[in-house]
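Asks: Just need the structure, nothing else, for what follows:
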Amino acid sequence: MELKLQGKRALVTGSSSGIGEAIAKTLANEGAIVAIHGRNAERAQRVVDEIQKSGGKAAIALGDLSTIEGSAAVIEQTLKALGGIDILVNNAGGADNGMLDWKTASLEDWESSFQQNFFSALRLIQAIIPQMRTQGWGRIINIATGWATKPDAVMPHYAAAKAAMVNSTVSLAKELSGTGITVNTVSPGPILTPALEQVMRGVAKQNGWGDDWERDIEPKVITQVVPLSVNRIGHVDDIANAVTYLASPLADFIDGANLRVDGGNIGAIN
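Replies: Coordinates of the predicted model:
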């Protein structure tokens with residue numbers, strides 16, 4: 001399938017590792033020119049080098065998106081390197097303070113989570129919409145989480161910030177009706193990253209499951225910890241492929257949607 005992304009200019013936040021890196025590389029493989037964002041120049045440069053080695057085009061945009069100044073710097077670097085932004089993927093975010101709950105998450109943790117997971121995206125959206133309106137085309141894709149629509153007792157501050165992102169996606173899609181700009185959310189389920197593997201290995205050790213990931217740990221994770229219907233845990237490419245399709249002209253009839261890429265974890269109508 002030809003996704004018609006050749007020459008499109010994309011900013012993927014949080015793309016120096018993990019899901020963001022996979023998204024950036026997949027977009028680049030489809031012909032997009034990608035700005036690799038992160039806070040560590042060495043890690044971002046590694047991704048740029050790997051994309052260029054594979055025949056793609058990429059540049060670096062460094063900055064802390066949890067601050068107004070950092071967000072402005074990222075936009076400035078991206079525009080200078082790419083000349084414009086056709087695709088914005090708001091992937092940066094996370095939870096730096098571990099698995100907090102209502103008892104352990106302070107007000108400062110809540111404020112930090114909203115800055116990191118919601119306002120960081122909002123600042124970039126507000127900055128690039130005028131340009132997208134002028135050119136009459138654009139894609140805004142927000143990366144949320146299954147917890148945004150199916151929260152648990154843990155990580156309430158993170159889930160709430162991502163829920164705000166899902167809600168705002170629908171509102172913004174309505175605001176941009178008829179402009180050629182679509183706005184969608186992708187909500188990942190459990191994706192195998194080094195951080196998740198470390199947590200699950202800790203759970204395995206506590207329960208005496210064994211040390212082998214494929215034989216001992218993954219089967220227990222997808223049946224007992226995070227029940228999935230597809231018989232495997234997710235991988236970063238699962239998210240990257242979904243995002244790349246939504247970023248393409250082929251997805252112009254999808255707007256205001258929340259696409260769950262979660263292996264069947266959330267059994268709900270959405």
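Asks: which stretches of the stretch 1-150 of the chain aren't confidently modelled?
Replies: 96-98 (pLDDT under 70).
Asks: residue ranges of the strands in it, please?
Replies: 9-12, 33-38, 57-62, 87-90, 138-143 (DSSP state E, counting those that start in this stretch).
Asks: Output these in TSV, with mean neighbour count and distance to L27 appended to each entry.
Replies: Yep, even glycine has a C-beta here, placed from its N, CA and C like the rest. Output for the strands of the stretch 1-150 of the chain, formatted as TSV (neighbours: other C-beta atoms under 10 Å; distance: least, C-beta to C-beta, whole Å):
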stretch	mean neighbour count	distance to L27
strand 9-12	28	5
strand 33-38	28	5
strand 57-62	20	9
strand 87-90	29	7
strand 138-143	26	10
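Asks: Show the subsequent helix or strand relative to the top helix by length along the chain.
Replies: If you go by DSSP state H, the chain has its longest helix at helix 156-175. Downstream of helix 156-175, the next assigned helix or strand under DSSP states H and E is strand 181-188.
Asks: What pairs with that following strand, parallel or antiparallel?
Replies: strand 138-143 (parallel), strand 258-261 (parallel) (DSSP bridges).
Asks: tally of neighbours for D211?
Replies: For D211, the neighbour count with other C-beta atoms under 10 Å is 10.
Asks: now the one 4 residues further on
Replies: The local packing count at R215 equals 10, with neighbours defined by other C-beta under 10 Å.
Asks: And it, how close does it get to V243?
Replies: Noted for R215: a distance of 31 Å to V243, by C-beta to C-beta, to the nearest Å.
Asks: do K162 as well
Replies: In terms of C-beta to C-beta, K162 sits 16 Å off from V243.
Asks: Give me the domain ranges for this structure.
Replies: Domain segmentation of the chain under the TED database yields 9-191+234-261, 192-233.
Asks: Identify the residues contacting the residue nearest the centre of the chain.
Replies: With distances taken as C-alpha atoms, centre = their mean, the residue of the chain nearest its centroid is N91 (2.9 Å). N91 sits next to V12, T13, G14, S15, I19, G20, I23, I143 when contact means C-beta atoms under 8 Å, 6 or more residues apart in numbering.
Asks: Most neighbours out of the residues you listed, which is it?
Replies: V12 leads the contacts of N91 on contacts (other C-beta under 10 Å) with 35 neighbours.
Asks: Let me see the contact set for it.
Replies: Counting by C-beta under 8 Å, 6+ apart, V12 has contacts G20, I23, A24, L27, V34, A35, I36, H37, V89, N91.
Asks: Ramachandran angles for the last one?
Replies: Taking degrees, to the nearest 10, you get phi -100, psi -20 for the backbone angles of N91.
Asks: Quick check: the gap between it and G210.
Replies: 33 Å.
Asks: can you check the first one too?
Replies: Spatial separation of G20 from G210 under the definition C-beta to C-beta is 32 Å.
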